[in-house]
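Colleague: prediction below, plus the sequence it came from.
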Protein chains: 2
Amino acid sequence: MDPKDRGAAPAKRNVTLTDVARLAGVSVATASKALNGRDQVKAETRARVVEAAERLAFQPNALARGLLAGRTGTVGLLTSDLEGRFVIPILMGAEDAFGAGRVSVFLCDARGDAIREQYHLQALLSRRVDGLIVVGQQTDPRPSLGQKLPVPVVYAYAPSLDERDLSITPDNVSGGRMAVEHLVACGRRRIAHVSGNPMYAAAQDRAAGVTVALDAAGLELAGDGVLFGEWSERWGRTATTMLLARDPEVDAIFAASDQIARGVLDALREHGRDVPGDVAVVGFDNWEPFALGARPTLTSVDNNLEALGRYAAQRLFTAIDGTSASGTERMPCRLLPRESTAPTLG
Amino acid sequence: MDPKDRGAAPAKRNVTLTDVARLAGVSVATASKALNGRDQVKAETRARVVEAAERLAFQPNALARGLLAGRTGTVGLLTSDLEGRFVIPILMGAEDAFGAGRVSVFLCDARGDAIREQYHLQALLSRRVDGLIVVGQQTDPRPSLGQKLPVPVVYAYAPSLDERDLSITPDNVSGGRMAVEHLVACGRRRIAHVSGNPMYAAAQDRAAGVTVALDAAGLELAGDGVLFGEWSERWGRTATTMLLARDPEVDAIFAASDQIARGVLDALREHGRDVPGDVAVVGFDNWEPFALGARPTLTSVDNNLEALGRYAAQRLFTAIDGTSASGTERMPCRLLPRESTAPTLG
DNA sequence: TTGTACGCGTTATCAC
DNA sequence: GTGATAACGCGTACAA
């Protein structure tokens, strides 16, 4: 089949600068200058060229441009986040920072497979991305892509194991601290912590923040230590039942995820405890479908992923522009108070 | 600053085919043939070239290649799906279909804004993507991008309003039908339907499927018609309370989303109804955090988004290769039975 | 079997 | 103020 005429789509040859120049009656060089705002071109000529470009719906070929400039205006987002819960806000933040349309983002999902990650990495490099953002699925440190890459890399969410890399990760310690400080400020004294799988850095970090805040308030953790388990509603229910048996006087529970918190709320209701009247509950992640659907709506710690993505993109930009950096930076979380921690009246 | 030496990253100039040719002691043309498997090259020469390429870690410049070939091996995924619940499985399916690494995907989020969509569209076209997949945030038909685009387009999830476009959308009608057929097969007779916002095509289509299945079974819808409301847990609770007042004998509820179903389960428990003993419940979407976290676990209709994405990508590929198509194709759903509809014993 | 030369579309440099 | 020309890196006719 004639390549100019494939199927129903009138896939005519893309219009080039040469076409525009011809229609405007100038050389390609002049046309280029006119369209790019160079000031060595007569106003009237520029107008003619611009009009021709519009008439032909001219779109400069970014490939040719990139080939010449050595910059493509593209960035690779390499993720292992199967659900997309983390990568999407980061993508949005990155798009914001880059300025819509100026930079385009290649999104690749390695699905937790190192081989596939390497494969995608090669593809991205051969497409000459200007930089890379690597997004992990947890906040546990991950292996570095190495120091030999021809483009700058920023690790987001999951930091790199190599301190020579630049990583941006949520500050889970301060997140845990904020949750407990909030509960203390609401007048709670017997505060328990139900967490997820203790192998996760996020679980350990949030628990560390809890300890800091309790120490500062001169309180002991209720329930005989952190209740580690798994990141599920089921565990939230089970843990709460155990907790109420061990320590019936508990008046607040900080859950290390919103899913766990939902289980906690369920179990509390089942055991006849009023929330927030008898027990206040705080979750983590601010995953809105869970937090807003809860009854009562769930106070939660938001780890500001969109801001994190925006910031990661900014850092990548400055690295692309020549100023590289390294180390792990922690982004603050933010507490969103809702009904589940309304202060006790009187 | 010297562009060859920016920051700590040893961002040496990318190695080109010329470098490889020089090291191997051949011309670029020969090197090109050797690496691309052309058969007009002596085996020994090829070996020398391949080795040189490996030594230098040569990565062919995809930009130059694309410029020459008129094909870039890139595809644009244009979405308006703020949460990423739909776009991520579609992206994964598309990556599968394309074959990891052979095609890279630009992901752009228009955030429901037509201006931003147009902006991203221009950027994608100027990057000379070979094709586009447009993913809507609902299954309601959306405006077409038009017939004048230089590349083929496939609309996924939300079909295009223009029948000249090719659209792939879940078959919500049959999904609704499957849910009710399953309930009937489980021995239920008084089946109600709690749905979301009636302005959504998904709500209307699923309800239509319900009607089909009930008619076929010779049953009437319980609860005095479909209970339309909003796509929230809250509405699931409210609607269930209303429903039990209107029709206490109801023995099954089909909820048009898993979130609604969660509200339904909550309210049923509160009113002392056992699930599935007294009432069976089916959700929609198979959103696993909700469906598997529910107590009992929730039977749900999965609209097979990953398969939809894979299929959309395949269709896009054949369109890129010249065979364009049009019309709206509906992809079947799949019912995943879980505890909430265990058949009544005896 | 290998090498030379051209073109893809654009921008920058240098004549005019 | 404008235009010819050379690059960017690669693939491919064509010539050797």
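Modeller: Looks like it arrived, so ask away.

Colleague: quick check: A:I168 is in a strand.
Modeller: Yes: counting by DSSP: H, G, I helix; E, B strand; the rest coil, A:I168 is found in a strand.

Colleague: thought A:A294 was touching A:A261?
Modeller: Yes: shown here, A:A294 and A:A261 form a contact pair, counting by Cβ atoms under 8 Å, at 7.3 Å. Heads up, the C-betas are built off the backbone N, CA and C, glycines and all.

Colleague: any residues in contact with both of those two?
Modeller: Residues touching both A:A294 and A:A261 (Cβ atoms under 8 Å, 6 or more residues apart in numbering or on different chains) are A:S340.

Colleague: looking at those two, which is more packed in?
Modeller: Shown here are A:A294 and A:A261; by other Cβ atoms under 10 Å in any protein chain shown, A:A261 has more neighbours (30 against 26).

Colleague: list the residues that contact that one.
Modeller: With contact taken as Cβ under 8 Å, 6+ apart, A:A261 is in contact with A:236, A:253, A:255, A:281-284, A:290-291, A:294, A:298, A:300, A:340.

Colleague: among these, which lie within strands?
Modeller: Counting by DSSP state E, those place A:253, A:255, A:281-284, A:300 in strands.

Colleague: so which of these wins on neighbours?
Modeller: A:I253 (34 neighbours).

Colleague: any idea how far it lies from A:L132?
Modeller: 40 Å (Cβ to Cβ, to the nearest Å).

Colleague: for DNA strand D, what is the nearest residue in chain A?
Modeller: A:A29 (3.0 Å; Cβ to the nearest atom of the strand).

Colleague: quick one: that residue is in a helix?
Modeller: Yes: the assignment for A:A29 is a helix, going by three-state DSSP.

Colleague: what is the burial count for it?
Modeller: A:A29 has 12 neighbours, counted by other Cβ under 10 Å.

Colleague: columns pLDDT and distance to B:G218 on top of the ones in strands among the contacts of A:A261, output as JSON lines?
Modeller: Output for those, formatted as JSON lines (pLDDT from 0 to 100; distance: Cβ to Cβ, whole Å):
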{"residue": "A:I253", "pLDDT": "98", "distance to B:G218": "50"}
{"residue": "A:A255", "pLDDT": "98", "distance to B:G218": "48"}
{"residue": "A:V281", "pLDDT": "98", "distance to B:G218": "47"}
{"residue": "A:V282", "pLDDT": "98", "distance to B:G218": "51"}
{"residue": "A:G283", "pLDDT": "98", "distance to B:G218": "47"}
{"residue": "A:F284", "pLDDT": "98", "distance to B:G218": "50"}
{"residue": "A:S300", "pLDDT": "98", "distance to B:G218": "48"}
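
Colleague: which pair of these spans the longest distance?
Modeller: Based on Cβ to Cβ, the longest span within those runs between A:I253 and A:S300 and measures 12.9 Å.

Colleague: common neighbours of these two, please.
Modeller: By Cβ under 8 Å, 6+ apart, the residues touching both A:I253 and A:S300 are A:261, A:282.

Colleague: is it true that A:F106 lies in a strand?
Modeller: Yes: under three-state DSSP, A:F106 falls within a strand.

Colleague: close to chain B, is the helix or strand of chain A with the lowest mean pLDDT?
Modeller: Here the helix or strand of chain A ranked lowest by mean pLDDT, DSSP states H and E is helix A:87-98, holding a mean of 86. Yes: counting by Cβ under 8 Å from any Cβ of the partner chain, chain B has neighbours in helix A:87-98: A:87-88, A:91-92, A:95.

Colleague: let me know how buried the residue lying closest to A:P152 once chain neighbours are set aside is, in neighbour terms.
Modeller: Nearest residue to A:P152 in three dimensions, chain neighbours excluded: A:A319, at 3.6 Å (Cβ to Cβ, 6 or more residues apart in numbering or on different chains). Around A:A319 there are 23 other residues, counting by other Cβ under 10 Å.

Colleague: so A:A319 makes contact with A:D165?
Modeller: No: judged on Cβ under 8 Å, A:A319 makes no contact with A:D165 at a distance of 10.7 Å.

Colleague: ok, now which ones touch A:T79?
Modeller: Contact analysis of A:T79 by Cβ under 8 Å, 6+ apart lists A:86-87, A:107-110, A:134-137.

Colleague: quick one: those as TSV, columns for neighbour count and distance to B:A62 too.
Modeller: Formatted as TSV, the contacts of A:T79 follow (neighbours: other Cβ atoms under 10 Å in any protein chain shown; distance: Cβ to Cβ, whole Å):
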residue	neighbour count	distance to B:A62
A:F86	26	28
A:V87	30	23
A:L107	26	17
A:C108	25	14
A:D109	24	20
A:A110	22	19
A:V134	26	20
A:V135	27	23
A:G136	23	26
A:Q137	19	28
